[in-house]
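**Q** what follows is a predicted structure for the sequence shown.
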Amino acid sequence: MLEKHKKVILIAEIVNTHKNSDAMSRELEKTELAYLHELQLSFKELGISVIHITTPQEIASLAELDNAVVLSLWSGENSKFRKAIVPSICETLRVSYIGSDPYVSIICQDKALSKTFSEKYNIRSSNGFLVNHSTNLSILPTLSAPLVIKPNAEGGSIGIDDSCLVDDIGQAIEKAKSLMSHFSCDILIEEFLPGKEISFVITGNNDSIAFFEAVEIYFAEKPDLLNDSIFGVDKKKSKTRQLTVKHRLVTELIPDEVTSNIKALFFGLQKCEALRVDGKLFGNNFKLIELTPDIHLGKSATFASAFRLAGYSHSEMLKMLLNLV
């Protein structure tokens with residue numbers, strides 16, 4: 001039953017396709033038209049009407065907000081706190097919304113900050129440091145190569161492709177300079193993590209966890225490719241490389257201690273109905289890459305794939321999220 005919410009206010013900037021976008025494009029966080037239609041159809045199956053708006057400002061202008069819940073796919077640009085804008089508006093207007101509150105949104109958008117937050121729950125990550133235009137690049141800490149370089153406050157794999165994995169600190173500095181020049185933001189340099197590409201897929205609220213699975217992401221043609229490389233834009237556009245992205249549940253392979261730590265982190269975030277905890281699993285050792293509360297909910301994406309593999313339809317996944325708010 002969906003007695004509380006009769007309509008979804010879906011905030012999304014639309015692009016026709018990401019087919020021609022590369023890692024330097026800010027279009028990558030915008031919503032493809034096919035993805036929007038997919039969500040609209042699944043909500044229709046639940047008897048939920050969808051009001052599509054393109055900017056957060058439009059929330060306040062809507063005449064009827066009773067029995068409505070906001071679902072934001074909106075990305076924004078050029079701001080370290082842009083992910084907090086929609087939940088901040090919803091909190092101000094006292095409108096129900098799915099996803100992270102402003103506090104959680106800011107923590108998770110900042111990759112370095114989310115690593116520090118996760119350490120409170122004994123979830124480790126790779127060694128690394130932030131650089132910006134004021135950093136003295138001649139006195140950087142010592143890190144062990146290979147190294148990964150990426151924008152600290154971007155999402156959607158913006159700025160991340162195979163060229164971000166380098167063999168020494170000199171190459172890392174040059175790549176960091178290039179990314180800083182393009183994105184005008186802090187750049188994170190960190191040691192590369194080998195191992196299986198893992199996402200913990202979690203839904204719940206302060207009361208309980210409704211769904212929890214660990215998913216491995218791999219390629220059908222080259223199952224071990226991601227063990228020694230990064231899952232950037234070029235690999236996510238796998239059709240251009242004649243690779244097929246696959247998912248499989250690996251929850252039973254995760255050590256109990258890691259599972260407990262991940263669940264504790266989820267409850268520690270408090271307001272966050274949907275979360276992906278992305279990282280690498282090397283033997284029994286899991287290390288964090290990033291926290292992702294601004295979930296891609298498309299049928300073929302990792303989050304929905306976990307539900308499908310566990311026996312849920314796409315509309316059933318959306319129903320679970322709605323019932324958590």
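**A** Here it is on my side, so go on.
**Q** what about the strands in the stretch 151-300 of the chain?
**A** According to DSSP state E, counting those that start in this stretch, the stretch 151-300 of the chain carries its strands in the segments 165-166, 187-191, 196-204, 209-219, 245-249, 274-282, 285-292.
**Q** could you point out which of the ones you listed sits nearest residue 133?
**A** Residue 133 sits nearest to strand 187-191 of all the strands of the stretch 151-300 of the chain, at 9.9 Å, using Cβ to Cβ. C-beta here means a position set from N, CA and C on the backbone, and glycine is covered the same way.
**Q** now that closest one, how far from the centre of its chain.
**A** The chain centre lies 18 Å from the centre of strand 187-191; the measure is Cα atoms, centre = their mean, to the nearest Å.
**Q** helices or strands up against it?
**A** Packing partners of strand 187-191 (3 or more Cβ pairs under 8 Å, 6 or more residues apart in numbering; DSSP states H and E): strand 128-131, strand 147-151, helix 169-183.
**Q** report the helix or strand with the lowest average pLDDT across the chain.
**A** The weakest-scoring helix or strand in the chain, judged by mean pLDDT, DSSP states H and E, is helix 233-236 (a mean of 82).
**Q** tabulate the strands of the stretch 151-300 of the chain (TSV), appending mean pLDDT, mean neighbour count and distance to residue 146.
**A** Output for the strands of the stretch 151-300 of the chain, formatted as TSV (pLDDT from 0 to 100; neighbours: other Cβ atoms under 10 Å; distance: least, Cβ to Cβ, whole Å):
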stretch	mean pLDDT	mean neighbour count	distance to residue 146
strand 165-166	96	20	6
strand 187-191	95	22	8
strand 196-204	98	23	16
strand 209-219	97	19	20
strand 245-249	97	16	23
strand 274-282	97	22	13
strand 285-292	97	22	15
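**Q** I'd like these as CSV, with distance to residue 320 appended.
**A** As requested, those are arranged in CSV below (distance: least, Cβ to Cβ, whole Å):
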stretch, distance to residue 320
strand 165-166, 36
strand 187-191, 33
strand 196-204, 6
strand 209-219, 6
strand 245-249, 17
strand 274-282, 9
strand 285-292, 18
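**Q** quick one: closest of these to residue 26.
**A** strand 187-191 (16.1 Å).
**Q** middle-most residue in this structure, spatially?
**A** In the chain, the residue lying closest to the centroid (Cα atoms, centre = their mean) is residue 292, at 3.1 Å.
**Q** show me the domain layout of this protein.
**A** As assigned by automatic domain parsing, the chain contains the domains 7-98, 106-124+194-324, 128-191.
**Q** how far is the longest one from where the chain is centred?
**A** Meaning domain 106-124+194-324. 8 Å.
**Q** what of the first one?
**A** Between the mean C-alpha location of domain 7-98 and the chain-wide mean there is a distance of 15 Å, by Cα atoms, centre = their mean.
**Q** same thing with the shortest one?
**A** In terms of Cα atoms, centre = their mean, the centre of domain 128-191 is set 20 Å apart from its chain centre.
**Q** ends of it, how far apart?
**A** Start and end residues of domain 128-191 are separated by 6 Å (Cα to Cα, to the nearest Å).
**Q** repeat for the first one
**A** The first and last residues of domain 7-98 sit 13 Å apart, counting by Cα to Cα.
**Q** do the same with stretch 60-67
**A** 15 Å.
**Q** same question for stretch 134-152.
**A** Chord length of stretch 134-152, first to last residue, is 15 Å (Cα to Cα).
**Q** what average pLDDT does that stretch get?
**A** Here stretch 134-152 scores 85 as its mean pLDDT.
**Q** what sits against the most far-flung residue of the chain relative to its centre?
**A** The C-alpha centroid of the chain is most remote from residue 138, which lies 32.8 Å away (Cα atoms, centre = their mean). Not one residue lies near residue 138 by Cβ atoms under 8 Å, 6 or more residues apart in numbering.
**Q** from the chain's centre, how far out is whatever helix or strand residue 103 lives in? Work that out for me.
**A** Element membership for residue 103 (DSSP states H and E) is helix 102-109. Its chain's average C-alpha position is 12 Å from that of helix 102-109, according to Cα atoms, centre = their mean.
**Q** do stretch 83-101 as well
**A** With Cα atoms, centre = their mean, you get 18 Å for stretch 83-101.
**Q** if we can go back for a sec, which one of the strands of the stretch 151-300 of the chain lies nearest to residue 310?
**A** strand 209-219 (5.8 Å).
**Q** low-confidence ranges, this structure, go.
**A** Across the chain, the ranges flagged by pLDDT under 70 are 1-4, 63, 238-241.
**Q** what segments of it are helices?
**A** 33-45, 85-93, 102-109, 111-119, 169-183, 233-236, 256-269, 302-309, 314-324 (DSSP state H).
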